[in-house]
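Q: Build me a structure from this.
(one chain, ligands or ions: 1)
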Amino acid sequence: METALQTIKGIGPGRERQFHRLGVRTIPGLLTYFPRAYENRSHIVPLRELKAGETAAVIGTIATVQEKRPRRGLSILEIVLADSTGRCKIVFFNQSYKKNMYKKGLRLYAYGKVDMGYGALQMNTPHVEMLYGDQQPDTGIVPVYPLVEGVSQYIVRQALTNWFAAHRELPDILPPEVSEAHSFMTRYAAFKEMHFPSTPEAYKAARRQLAYEELFVMQAGLLLLRSRQQAVQGVAMKTNGPLITSFLASLPFTLTGDQQRAFHEIATDMEDNLPMQRLLQGDVGSGKTVVGALALLKAVENGYQGALMAPTEILAQQHYESITAMCGTLDVTLALLTGSTKAKEKQAIYEDLAAGTIDIVIGTHALIQEGVHFNKLALTIIDEQHRFGVEQRARLQQKGMNPHVLVMTATPIPRTMTLSIYGDLEVSAIKEMPPGRKPVQTFAVNSSYKERMRNFFAKEMEAGHQVYVVCPLVEESEKLDLQAAEALYMELAAYYHGRFAVGMVHGRMSAAEKEEVMEAFHRRDIQLLVSTTVIEVGVNVPNATIMCVEGAERFGLSQLHQLRGRVGRGDAQAYCILVSDSRNEESKKRLHLMETIQDGFVLAEQDLLLRGAGQLFGLIQHGLPDLKVADIVRDIDMLAEARRDAKAFIAKQGFAYCAEKMKPELEQRFGDDFIRILYS
Ligand SMILES: Nc1ncnc2c1ncn2[C@@H]1O[C@H](COP(=O)(O)OP(=O)(O)OP(=O)(O)O)[C@@H](O)[C@H]1O
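A: Numbers count the residues shown, from 1 in each chain. Now for the predicted structure:
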C-alpha cells in the first residue's frame, strides 16, 4: 500500500508540513487520525427556532463583534450572528486572539449547545467554521478532528475524502475466519464509516470492528513475544533442596497459605525447561519479597545467578537489606548495584558477576546497562510497581541464558484487567495478609483538626512509634508544592523542637541524600518524616504507625492505598489520616471509600469506576501500544475475545507465519525495542 501523504490529491509539500504538525506522517497515520467528535448537520436550524438546552448547527452572518474585559484575566468575545429569521450570540472566553478573525459581514457555521444567557439565547464556545463566498458547510454526520493552530477541519476532511475517493480497498489484517465469524464489514468500509459515518448504526459497527482489530493486534503481539521467549530452551531446575529448607527454617514466621501456593507455582515453572513468565501480584505488605527471595535461592541452589531489579534506589536498597537479613548465615553472596554505586565498586561487581562469584544481585536499571554481564543468570525478578515496561523486562532477560522471569507488582489491578496489561504473563496472587495484621484505622478530616492531629502524633511518638506526613507534588507547579512541603516541614520541626526529630525527603534530592534521610528514619533517629510522594514505592519501616496525607484529594484511591500500606506493617495498631479541605463531592466520596474499604482490589475497582481507566493505565501502559479506538475498561469483553482469537490464530498458523503476516501492523503499533526483540 502506498503510504506517502503527497500521493493524495491536493497534498503538496506545504500541506504535508501542516499534517506533520498534527503528528500525521503517513497514510496509515492519516487513516487512524480519528475524529474526536461528530456533528449531526443533517439539519441547519434557523436562528429563531433555537431552544435552550439543545445542541444545534446554525449558519449566520456576523453582525457585530465585541470584546469585553469585566475583570483582570477575563476577556469575553461576543459575536452576534444573524440570519433571515433572527439573531443569536456566540461567546468565547479568553480567546481575544480570535478577535481579528471574525469580521462583520463574514458567514459563519457554528455548532454547539444553546444556553440561556442574560435574557437571550447564546452559544458558549461552539465549534465554528468560516464559510467563504457562498461555500456551504459539509452536511450529514460530519467528523470533527483534534487540531492545532493553523490547520483547519477542512484540510483534514478534504485529504480523507480524496483518499477514500481514489481507493476502493484496504489490505485486511484479521484472519478471514475471524472477520467472518464476527460478520465484519471490509476494512475499507470500517475506516470510511469511522471518518464519514453514513448512519449512527454503521458508525457503531465500524467502531467495534476497529476496536476489536486493535485489541487483536495488541494481544497477538504479546502472545508472539511470549512464544518467542518460550521457543528457547530455558534452565530446568531441580526440586527444592537444602538451601530453601534452611532458609524457611530460619524465617521468624511461617509462610501464609497464599505465599506457599505462589512459591509452589513459581518453583514448578522453574523446574520446567520453558522459561517462566509469571506475575506475582499481592497487595501492599502481603509479603511478596519473601517469595521473591525463595525464587532467587532456588536459582542459587541449582548453581545459577539471580537478579532483582527495582524501580528506585531506595527500594533496591531496601530489598537488598531485607533479603540479606533474611539470608542470615546462609552461604549466599549478594550485591547491590545502583546508579549511585561508586565507580570502583561497580567495576568490582561487574567482574564478580561475570565470574559468577556473586549469586544474587539487586539493583535498579543500572542492571540493564551495557557493561553488565552475567556468568549464569537463570532468574530475573522485576519489582515493577509499573515503572518498567515490556521492553525493559525483555532487556534484562536478554542478559541471561533465557532466564525465568518473575514480575512482582503491588498494584491491585482488577483481575479482569491483568490480561490486557500483562497479556504475556501467567498470574500468581497473594490475597491473604500475614497473620496478626490489624486493619489500618482510616480517618478523613479537614484542616481544622490540625491541633488534635499534632497531639495525636506526639502521643504515638512518645510510645516509641514513628509518623509519616506526605504532601502531594504535582507536576504543573512542582516548585510551589515543594515550597509548601518545606514550609510544613519547618512548621512541624519548630512545633516538636526539643521533643522529637523531624526530617524531610523529597523528589528533588539526590539519591544519596534521600538514602541518608531514609536510613536515619530506619534507625529511628528521625521520628517524623515529611515527604513528597517518594515513599509511595514501598518502604518497609514496621515501627511507623501513622500515615498522614495532606491534600489527600489530589491522590487517586490506588495511590492513597499504596501510601496507607506503608503503615500497619508491624503488630501495633496503625492509623491513616487523610487531610482535605476539598468540598468537591467526588473527592469526598473517594476519601470516604478509603475510610470504609481496606482491600486494595476492591478500591482499585472503585477507582476505575470513579476516574476511568486513564489514571491507572497512564501509569501502567509502558511499552504497550496506544489504543486509539478501544477502551480497555469499556471493551473488556471484546479484549478477552480478541485474545482467544489471536491465540487460536497463532496455534493454527504457527509463530513464523503469524509474525510475518502481522509485522507491518505490529511495527506501526509497538515500540522499536519490542519489534527488535520479537524479530531478532
Ligand atoms: N508469612 C508472614 N508472616 C508474618 N510476617 C510476614 C510474612 N510474610 C512477610 N512478612 C513481613 O511482612 C512485611 C511486609 O512484607 P514485604 O515487604 O515482603 O511485603 P510486600 O508484599 O513486598 O509489600 P510492598 O509491596 O508494600 O513492599 C515484612 O516486614 C515481612 O517481614
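
Q: Skipping adjacent residues, who's closest to the closest residue to the ligand within the stretch 101-250 of the chain in space?
A: Residue of the stretch 101-250 of the chain nearest the ligand, by CB to the nearest ligand atom: residue 248 (10.7 Å). All C-beta atoms are positioned from the backbone trio N, CA, C, and that covers glycine. Distance criterion CB to CB, 6 or more residues apart in numbering; nearest residue to residue 248, sequence neighbours excluded, is residue 255 at 7.3 Å.

Q: wait, is that neighbour part of a helix?
A: No - using DSSP: H, G, I helix; E, B strand; the rest coil, the assignment for residue 255 is coil, not a helix.

Q: Flag every buried residue along the strand or helix carrying residue 223.
A: Here residue 223 sits within helix 200-230, counting by DSSP states H and E. By 16 or more other CB atoms under 10 Å, the buried positions in helix 200-230 come out as 202-203, 205-230.

Q: That helix: what's the following helix or strand?
A: Taking DSSP H and E, what comes next after helix 200-230 is helix 242-250.

Q: can you give me phi and psi for residue 44?
A: Backbone torsions for residue 44, taken as degrees, to the nearest 10, come to phi -90, psi 120.

Q: how much space between it and residue 600?
A: 53 Å (CB to CB, to the nearest Å).

Q: One more: residue 440?
A: From residue 440 over to residue 600 (counting by CB to CB), the distance is 12 Å.

Q: Could you check which of these two is surrounded by more residues?
A: residue 600 (25 against 22; other CB atoms under 10 Å).

Q: My read is that that one contacts residue 560, right?
A: No - with contact defined as CB atoms under 8 Å, residue 600 does not count as touching residue 560 (10.4 Å).

Q: what stretches of the stretch 501-650 of the chain score poorly on pLDDT?
A: 533-538, 608-625, 632-633 (pLDDT under 70).

Q: Show me which residues of the stretch 251-400 of the chain sit near the ligand.
A: By CB under 6 Å from any ligand atom, the residues of the stretch 251-400 of the chain that approach the ligand are 253, 255-256, 259, 282, 284-290.

Q: got it, and the stretch 451-600 of the chain?
A: Near the ligand, when you scan the stretch 451-600 of the chain using CB under 6 Å from any ligand atom, you find 538, 540, 542, 565, 569.

Q: Most widely separated two among those?
A: With CB to CB as the measure, no two of those lie farther apart than 538 and 542, at 13.0 Å.

Q: Comparing these two, which residue is more hemmed in?
A: residue 538 (22 against 14).

Q: Could you list the domains of this structure?
A: Domain assignment for the chain, taken from automatic domain parsing, gives 5-38+156-199, 43-139, 242-430, 441-597.

Q: so how far is the first residue of the last one from its last?
A: The first and last residues of domain 441-597 sit 10 Å apart, counting by CA to CA, to the nearest Å.

Q: Quick one: distance of it to the chain centre.
A: Centroid separation for domain 441-597 versus its chain: 24 Å, with CA atoms, centre = their mean, to the nearest Å.

Q: With the third one instead?
A: On the basis of CA atoms, centre = their mean, domain 242-430 sits 23 Å off its chain's mean C-alpha point.

Q: Same check on stretch 72-91?
A: The answer for stretch 72-91 is 41 Å, by CA atoms, centre = their mean.

Q: pLDDT of it, averaged?
A: For stretch 72-91, mean pLDDT rounds to 89.

Q: what comes up buried for that stretch?
A: Per 16+ other CB under 10 Å, stretch 72-91 contains these buried residues: 75, 77, 79-81, 83, 87-91.

Q: cool, and stretch 334-348?
A: 334-338, 341, 346.

Q: want to try TSV for the residues you listed, with pLDDT and secondary structure as columns?
A: Output for these, formatted as TSV (pLDDT from 0 to 100; DSSP: H, G, I helix; E, B strand; the rest coil):
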residue	pLDDT	secondary structure
334	96	strand
335	96	strand
336	96	strand
337	94	strand
338	91	coil
341	89	coil
346	93	helix
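
Q: Let me have these in CSV, adding distance to residue 263 as columns.
A: What follows is those, written out as CSV (distance: CB to CB, whole Å):
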residue, distance to residue 263
334, 19
335, 24
336, 24
337, 25
338, 27
341, 30
346, 32
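
Q: Who are the contact partners of the residue nearest to residue 293 when sequence neighbours are not counted?
A: Nearest residue to residue 293, sequence neighbours excluded (CB to CB, 6+ apart): residue 323, at 5.0 Å. For residue 323, the contacting residues are 289, 292-293, 296, 308, 334, 360, 362, by CB atoms under 8 Å, 6 or more residues apart in numbering.

Q: Distance to residue 457 and secondary structure for those - can I get that in JSON lines?
A: Shown next, in JSON lines, are the contacts of residue 323 (distance: CB to CB, whole Å; DSSP: H, G, I helix; E, B strand; the rest coil):
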{"residue": "289", "distance to residue 457": "29", "secondary structure": "helix"}
{"residue": "292", "distance to residue 457": "34", "secondary structure": "helix"}
{"residue": "293", "distance to residue 457": "34", "secondary structure": "helix"}
{"residue": "296", "distance to residue 457": "38", "secondary structure": "helix"}
{"residue": "308", "distance to residue 457": "35", "secondary structure": "strand"}
{"residue": "334", "distance to residue 457": "36", "secondary structure": "strand"}
{"residue": "360", "distance to residue 457": "39", "secondary structure": "strand"}
{"residue": "362", "distance to residue 457": "34", "secondary structure": "strand"}
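
Q: The stretch 451-600 of the chain: strands as residue ranges?
A: 466-470, 502-505, 528-531, 544-549, 575-579 (DSSP state E, counting those that start in this stretch).

Q: would you list those in a markdown table and tack on mean neighbour count and distance to residue 426?
A: Compiled in a markdown table, the strands of the stretch 451-600 of the chain are given as follows (neighbours: other CB atoms under 10 Å; distance: least, CB to CB, whole Å):
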| stretch | mean neighbour count | distance to residue 426 |
| --- | --- | --- |
| strand 466-470 | 24 | 35 |
| strand 502-505 | 22 | 37 |
| strand 528-531 | 25 | 36 |
| strand 544-549 | 25 | 33 |
| strand 575-579 | 23 | 33 |
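
Q: wait, which of these is closest to residue 71?
A: Of the strands of the stretch 451-600 of the chain, nearest to residue 71 by CB to CB is strand 575-579, at 32.3 Å.

Q: Grab the nearest non-local neighbour of whichever residue of the stretch 1-150 of the chain sits closest to the ligand.
A: Here the stretch 1-150 of the chain gets closest to the ligand at one residue, residue 23, 37.3 Å apart by CB to the nearest ligand atom. Once flanking residues are discounted, residue 23 sits nearest to residue 29: 7.4 Å by CB to CB, 6+ apart.

Q: Give the next helix or strand downstream of the helix or strand that neighbour falls within.
A: According to DSSP H and E, residue 29 maps onto helix 27-31. Tracing the chain past helix 27-31, the next element assigned as helix or strand by DSSP H and E is strand 37-40.

Q: Understood, closing this out.
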